[in-house]
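Enquirer: build me a model:
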Amino acid sequence: MTKSRHNFNPIAKGKTPPPFSLRLSFEERAKLEEAANGVPLGAYIKAKLFEGDLPKVRRRGAKPLADHQALARVLAALGGSRLSQNLNQLARAVNTGTLPVHPETEEEIKQACQEVMAIRAELLRALGMDGGAP
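Expert: Below is the predicted model of the structure:
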């Protein structure tokens, strides 16, 4: 009963073969990563080696911020406000039916809405979007 040393284990039939390893210098790997341009290295090497199409790369956060100062202003405004606490208190008062509706209360709610819209516009501007009204 002689077997070739290249035969795979018959019990492991259908399983993928073990991965192939390749040692690269730091410079070689950096050059390869630059050429891959965000594509996983394994996929890039297989595409180049077997003349296949490169997969499309889905990049998260690849678009840089348009305005770091605008984002800082938004974060400062959010950090300095009690917006979440105030909204929670308003929601609780509405749900329990204890919200007094006076002209002063209505004006404060309108002012809060304007501040939220201003924060939204700054955030959209910082992210490079139009920042206009919804």
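
Enquirer: what's the neighbour count on L71?
Expert: Applying other C-beta atoms under 10 Å, we find 16 residues neighbouring L71. Every C-beta, even on glycine, is put in place using the N, C-alpha and C of the backbone.

Enquirer: out of the helices and strands in this structure, which is least certain?
Expert: Each helix and strand of the chain was given a mean pLDDT (mean pLDDT, DSSP states H and E); the minimum falls on helix 68-80 at a mean of 78.

Enquirer: which other helices and strands contact the longest helix anywhere in the chain?
Expert: As assigned by DSSP state H, the longest helix anywhere in the chain is helix 103-126. For helix 103-126, the helices and strands in contact under the criterion 3 or more C-beta pairs under 8 Å, 6 or more residues apart in numbering; DSSP states H and E are helix 68-80, helix 83-96.

Enquirer: out of those helices, deepest packed?
Expert: Highest mean neighbour count among the helices and strands packed on helix 103-126 (mean count of other C-beta atoms under 10 Å): helix 68-80, with a mean of 13.

Enquirer: need the pLDDT of the closest residue to A77 other than its chain neighbours.
Expert: Closest residue in space to A77, ignoring its immediate chain neighbours: I119 at 5.5 Å, by C-beta to C-beta, 6 or more residues apart in numbering. As predicted, I119 sits at a pLDDT of 78.

Enquirer: repeat that for K31.
Expert: K31 is given a pLDDT of 93.

Enquirer: any idea how far it lies from Y44?
Expert: Distance of K31 to Y44, given as C-beta to C-beta, to the nearest Å: 12 Å.

Enquirer: neighbour count: the two, which is higher?
Expert: Y44 (19 against 12).

Enquirer: what helix or strand is that one on?
Expert: Y44 belongs to helix 41-49 when assigned by DSSP states H and E.

Enquirer: so which elements touch that helix?
Expert: helix 26-36.

Enquirer: what angle separates the helix it packs on from helix 41-49?
Expert: Per axes from the mean of the first three to the mean of the last three C-alpha atoms, to 10 degrees, the angle that helix 26-36 makes with helix 41-49 is 70 degrees.

Enquirer: which neighbouring elements make contact with helix 26-36?
Expert: helix 41-49.
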